[in-house]
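In: Show me the folded form of this:
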Amino acid sequence: MNIFAKKLVTNDNEDLPIHPIDIFQGLFHKEGYSYLRGIQEEVLNYWHSIRNQRDVLCKMNTGSGKTLVSLLMLHSKMNEGVGPALYLCPDRQLLDQARKQAELYGIPVCEIDENNDFPTDFHNCKSILLCTFQKVFNSKSIFNRDQITIGSIVIDDAHSCLDKARDTTTLNLPRNHEACERIIKIFEAEFKDQAPGTYRRLIDGDPFASILKVPYWAWFEREEEVATLLNKFSSDDEFKFKWGLIADDLLSYDCYLGPKGIEIAPIHVPYQNVKSFFEAKHRYILSATFEDQTDLIKDFGINSESIINALIPKDRKDIGQRLILAPKRFDPSLFDNDIYKLAKEYSENNINVVVLVPSYAKAEPWIKNGGIVLNDGDINENISALKSKQGGLYVLVNRYDGVDLNGDMCRILIMDGYPAFTSSKELYTEMRLDSVKASLKAQIIEQGLGRAVRSGSDFCAVILMGNDLLQFLGNRNNLQYFTSVTRKQLEMGLTLLDEESKEDSIKTIKETIDFCLSQNIDWRTFHSQGISKVDVDVLNEEKIKNINIAVHEKEAIDLFRSRNYSGSKDVIVKKIIDGMPISSKQKGWYFQFSAQLLYLENKVGSNDLQLAASANATHMFQTKLGNNYTKIAVHEEQSSNVKKFLSQFGKSQDFKIYLEEVLNNFKYSPDINYIKFENALANVGRMIGFYAQEPELEFGNGPDVLWGMTDNHFLILEAKSMAIHEEITRDNIGQLLQSGEWFKKQYGETAKHTLVTLQSPKIKGYNVNPSENTKVIDEQALEKIRKNLTQYVNAICSIGINAITQIEISKLLVAHFFTPPLFRSNYLSDIVSKR
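Out: I've put the predicted structure just below:
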């Protein structure tokens, strides 16, 4: 008989340790893994003091040991007797990492077997179940099948799991799917009524066309018809693991039409339909990069108090060294080719260089320069192979999280371009809520920056490329959405070379990177001193306000789902619109949301709220009753407007980068998408102090662009920037005259205005009869605007965007013919006949 087994049987009923540190001391560790780090002990001690709290948000840096901490939390709750313990992570790669950690420290873990059965040790609370998030979060979940009750659950890499939850509860129907075409047909009249031009572009397959949303009134009225239609496809691959979570909840969904097809997405993820997750007794959320936590409230139902009072170690400065440089911000004369060559040079000298790009189109020049795309084939195998490779240029396409590139796997990380949203819901929201765009984009950028530094002893150099990315980081308001340590590293890196000579800027950049790569003591001291000044992460008033808004949104949706439509509307109106200091744009958004919540109970009241939405913001739905257009109100002096415009930039170089991006799209060319040209045209107006709208895009009707000049004269601008022809056509003028009639209807017959067509020629074709009030900005005039705009911006930057006065701005506006009368007389020409 085994005497030890006999003794263990007699000890079965003894009390198991509860404190996670006591549990750790009793584990059978592998050699060299017998101690907890100070930061781990700090977190576990604090967690133990709040162990009865249902929800806990824990923020620990990558590489600080959060996997071990979270496993010990689960072990503790399992010993306490609250029920089975579940560790969730977004993919197999992270699951494998968690298993290896458990093996090193002797923590009992198990996995679902090949027959999709749960291990007995999991049921009996003897072992923690390691599982991918999607095993739980799908409509055919084996957790629901076996009616599994969870005692405690850890969600690791929570931001990635949120994305999985959204994907699992969203239907994406491509244009070649029968259900897509039938849904488009159902709502065709509403799409045409809202934005006929955009609808036509989408139907014609324009990949740059804006997203259209089915008006909520039409969605509600045809919900049963849509449900019946979609149910016929419930066995299709796209529906198989989703439809059961969606079918009973369509009233709290929105439907979008985009270039790729139809997207049917929840307002908030219906997490209540995932019983094991919803009813878990304790939920622990772990992440390194969560700065915007509002989605945890709306899409996971996490208690707001656990977010406001998140478990954060006092010292989060063990993030490792990141030297962040933006070469173009240092020297605007540099070209992308200069960076391609620099990256290739490093890769040929036994240094692994990894490039993050938002799309395959952005990856093309890197591939031409020898880059290998890691997404092709098995990404986990490709990334693992980097451990044994010294020297190479690798590309990750639209993969900003879930990839570990520690140590020599990546010593130089390049982020080339601004992360792009892919879902129609996000793209639709991005246009209407700037703060949503900024916080989500910042989180994606932060995730990307964290790929190559995975512990406190790790280091890498980061190169930032792309005018769009540099513009985002150059806007000082956006930096608030990064963690305090990353924000400090960005500030240190982006200003590091400001005073250096640009005589040989690539050499300067390379020398600076080499100090980091060689772990020069001066670099390490500089980085350490900078990070030592960083305060512990705190929630500022803006973030607390956004958390409270999320709480009210969740409350409203919960009331809506329980069919208390009036109550749900009241929450939005009274607690957010009337109770919060929000912008006019946000008010418009929430008035429309409240109108949607009320519609099923009170259609007239809903219409009144929709009118209020349009009065506060652009891009809102056109109501069936009333006028949705918001008129431009000219009320500021031109130089004052310019001064306000400049305030968004962190330094003069950011303004120059902004100008470069505008000018890149402000050309007559069949290769520049018309939407980019129209947006550039609107921004040119704003740069010189005019008010600008894009009425067709924003309201579904009117001209491409409308400028309100500061002498109360309006330019009605119709752009034909992609057209290739030698004369102005009758159709061109006809469209311009229609926009003129729209303007008179909105602003009155007496409002001063000029009709302007923007296209290369200024010669009219046969049978074209423009009015005396019709002008053209031809190729020559456009080039003159571009040249003078460049000189105007350079002059502002030479003085300094913060130092320049309104008097100096006024003088520059005159010198470059940008005052209202000078602009009209210098850049607008008559349309002439052929000689």
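
In: Lys164: neighbour count?
Out: 19 (other CB atoms under 10 Å). For every residue, glycine as well, the C-beta is placed using N, CA and C.

In: swap in Ile796?
Out: Neighbour count of Ile796, defined by other CB under 10 Å: 22.

In: just Asn231 next, same as before
Out: Applying other CB under 10 Å, we find 11 residues neighbouring Asn231.

In: domains in the chain, as residue ranges please.
Out: Per the record, the chain has its domains at 15-166+274-308, 170-268, 321-532, 541-616, 638-830, by automatic domain parsing.

In: Now do the third one, average pLDDT.
Out: Put plainly, it is domain 321-532. Taken as a whole, domain 321-532 has a mean pLDDT of 87.

In: what does the shortest one give?
Out: What domain 541-616 shows for mean pLDDT is 93.

In: distance between it and the chain's centre?
Out: Remark: domain 541-616 is offset 23 Å from the chain centroid, using CA atoms, centre = their mean, to the nearest Å.

In: Same question for stretch 99-119.
Out: 35 Å.

In: how far does it stretch from start to finish?
Out: The first residue of stretch 99-119 is 15 Å away from its last residue (CA to CA, to the nearest Å).

In: Then stretch 234-251?
Out: Its start and end residues considered, stretch 234-251 measures 18 Å (CA to CA).

In: cool, and stretch 109-127?
Out: Start-to-end span of stretch 109-127 (CA to CA) is 5 Å.

In: List the buried residues in that stretch.
Out: Neighbour-count burial for stretch 109-127 flags 109-112, 118, 122, 125, 127 (criterion: 16 or more other CB atoms under 10 Å).

In: distance of Glu749 from Asn546?
Out: Glu749 sits 45 Å away from Asn546 when distances are taken as CB to CB, to the nearest Å.

In: For the two, indicate the residue with more neighbours.
Out: Neighbours per residue, other CB under 10 Å: of Glu749 and Asn546, the larger number sits with Asn546, 20 against 7.

In: ok, residues contacting the one helix or strand that one maps to?
Out: For Asn546, the host element (DSSP states H and E) is helix 541-561. With CB atoms under 8 Å, 6 or more residues apart in numbering as the test, helix 541-561 has contacts from 249, 251-252, 267-268, 291-295, 297-298, 301, 304, 307-308, 435, 439, 480, 539, 565, 567-569, 571-572, 575-576, 580-582, 593, 597.

In: rerun that using 7 Å as the cut-off
Out: If you take CB atoms under 7 Å, 6 or more residues apart in numbering as the criterion, helix 541-561 is touched by 252, 267-268, 293-294, 297-298, 304, 307-308, 567-568, 571-572, 575-576, 580, 597.

In: What of stretch 89-97?
Out: Residues from elsewhere that reach stretch 89-97 (CB under 7 Å, 6+ apart): 67, 98, 130, 132-133, 156-157, 160-161, 164, 380, 402.

In: and Ala461, bridged to which residues?
Out: Leu323, Ile412 (DSSP bridges).

In: separation between Lys744 and Leu737?
Out: In terms of CB to CB, Lys744 sits 11 Å off from Leu737.

In: Look at these two and report which has more neighbours.
Out: The neighbour comparison of Lys744 against Leu737 (other CB under 10 Å) goes to Leu737, with 17 against 14.

In: That one sits in which helix or strand?
Out: helix 730-747.

In: Give the next helix or strand downstream of that helix.
Out: Using DSSP H and E, the helix or strand that directly follows helix 730-747 along the chain is strand 753-758.
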